[in-house]
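1. predicted model and sequence below, questions to follow.
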Amino acid sequence: MAITVMVASSHTTDLHKTTGSSITPDYFGDLRLAVDAFVVKHFTWPGTLRLHQDALGWNILRAPGNVILSPIFVLIRIAAYICRRAGWRCGGDWLASRRILLRTDVSRRVEIFILTDLLKVPLVSRNTALEHAVLSAPQFREMVRRCESADETVTLGRRVAGALSEYAGTRSAVSEMTTVFFTLLIGALVFQALTPGMISMAPGVADAMARTTAIADFPLGQTIGGVWYSVFAPGPGPWLVTATIVGLVMTGSILAAFAGVLADPVQSRLGIHRRRLLRLIDTLEVALVGAGDKPFVAREHYYARLLDLWDAATSLLRVFRS
């Protein structure tokens, strides 16, 4: 750890000498040292419980929306990467700057905590735009003055705010993966089946609902009905299967809004939060000191989409087998 901090501090010093920025040579080294305390404060209990107190209200509607928009988000990120690799940097940057996912209040709180508690950037109110807060921060003032044009200044502010938003957005993907873990657990215990998502779980739930309804309506009583339908299993109708899928997807999205309460302490224990924050600081250092462009890449979104593909493939395989 000491060697890492010394190297990071030396790197920051070289950048400081090169650019003449008002950021002190030890600024980013101090940020890296403060990461552990930040993780303990906000991503372990009771900090994560306080963080999720805003998960109610309109966030319940935004969570299902983000699940629907997540595949579009990933496709745009892939397109941005292809554009940059092909040499069309302007198009890639434009695509990468698109904010597809709906910002939840929990994500907003994460952005504010990083800005104020970790970066020590003053924030007048919670409604202050991230770009404005960054560009008006005292520690970045001289760096902002060195921008050659207003457009360059705005681009800088958006780049930093985009990195913070990208970091905060990883929580939705991790929450989805946490929900998948629980669906796998429920599917194994209740249905003795592999259910990596709500869609693959829906047929089992629909079968159980159809059987329960049929037994309750059996003319000779529920006891004989249970015996009868254990031999002649009733099949669920297409409307029941469709309604079950919609209901389970909505339920999973709502659970995903609160999944961070359990996922945060686990990630903190495994050091995932720490490593992700260090990657964010690396991105901010490059952007603010002006040594190039190093976008923050949220890999968690891609992992979540792979789980979606697994869920879809499992569902299709079950359809073909039946």
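-> Nice, thanks for sending it over.
2. hey, let's count contacts and neighbours off CA atoms from now on
-> Fine.
3. where does the stretch 1-150 of the chain have low pLDDT?
-> Low-confidence segments of the stretch 1-150 of the chain (pLDDT under 70): 1-25, 57-58, 63-64, 126-127.
4. can you map out the strands along it?
-> Assigned strands in the stretch 1-150 of the chain: none (criterion: DSSP state E, counting those that start in this stretch).
5. tell me the buried residues in stretch 302-314?
-> Neighbour-count burial for stretch 302-314, counted by 16 or more other CA atoms under 10 Å, picks out 302, 304-305, 307-308, 310-312, 314.
6. how about stretch 97-108?
-> 97, 101-108.
7. what sits up against that stretch?
-> With CA atoms under 8 Å, 6 or more residues apart in numbering as the test, stretch 97-108 has contacts from 51-55, 59, 62-63, 65-66, 69-70, 72-73, 162, 165, 168-169, 171.
8. now, of those, which are buried?
-> Buried by 16+ other CA under 10 Å: 51-52, 54-55, 59, 62-63, 66, 70, 73, 162, 165, 168-169, 171, out of the contacts of stretch 97-108.
9. pull the most distant pair out of these.
-> Across these, the longest distance by CA to CA is 24.6 Å; it joins 51 and 73.
10. before we move on, back to that, show me the buried residues of stretch 302-314 that map onto helices.
-> With DSSP state H as the criterion, helices contain 302, 304-305, 307-308, 310-312, 314 from among these.
11. just put those in TSV and tack on pLDDT.
-> TSV is the format used below for these (pLDDT from 0 to 100):
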residue	pLDDT
302	85
304	84
305	81
307	84
308	82
310	86
311	85
312	79
314	82
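12. tell me the one of the residues you listed nearest residue 266?
-> Using CA to CA, residue 304 is the member of these that lies nearest residue 266, at 17.3 Å.
13. am I right that that closest one is in contact with residue 171?
-> No. Look at residue 304 against residue 171 with CA atoms under 8 Å: they stay out of range, at 11.0 Å.
14. circling back to that earlier point, let me know the closest of the buried residues of stretch 97-108 to residue 148.
-> Looking across these and measuring by CA to CA, the closest to residue 148 is residue 97, at 21.4 Å.
15. how about that closest one, phi and psi?
-> Dihedral pair for residue 97: phi -80, psi 0, per degrees, to the nearest 10.
16. now the host helix or strand of residue 200: buried residues?
-> In the assignment (DSSP states H and E), residue 200 maps to helix 198-216. Judged by neighbour count (16+ other CA under 10 Å), helix 198-216 contains these buried residues: 198-212, 214-215.
17. contacting residues for residue 195?
-> By CA under 8 Å, 6+ apart, the contact set of residue 195 is 183-184, 187-188, 201, 311, 314.
18. pLDDT score assigned to it?
-> On pLDDT, residue 195 comes in at 88.
19. any idea which element it lies in?
-> Using DSSP H and E, residue 195 is not contained in any helix or strand.
20. next, give phi and psi for residue 193.
-> Here is the backbone geometry of residue 193 (degrees, to the nearest 10): phi -140, psi 160.
21. is it in contact with residue 187, as I believe?
-> Yes. With contact defined as CA under 8 Å, residue 193 counts as touching residue 187 (5.4 Å).
22. ok, the two, which is more surrounded?
-> Legend: neighbour count by other CA atoms under 10 Å for residue 193 and residue 187, higher for residue 187 (21 against 15).
23. tell me the SS of the more buried one?
-> With DSSP: H, G, I helix; E, B strand; the rest coil as the basis, residue 187 sits in helix.
24. tell me which element the spatially most central residue of the chain is part of?
-> Among the residues of the chain, the one closest to the centroid is residue 170, at 2.5 Å (CA atoms, centre = their mean). Using DSSP H and E, residue 170 falls within helix 150-186.
25. roughly how far is that helix from the heart of the chain?
-> The chain centroid and the centroid of helix 150-186 are separated by 5 Å under CA atoms, centre = their mean, to the nearest Å.
26. equivalent analysis for stretch 59-71, please.
-> 11 Å.
27. likewise stretch 39-54?
-> The chain centre lies 16 Å from the centre of stretch 39-54; the measure is CA atoms, centre = their mean.
28. next: stretch 297-306.
-> Centroid separation for stretch 297-306 versus its chain: 8 Å, with CA atoms, centre = their mean.
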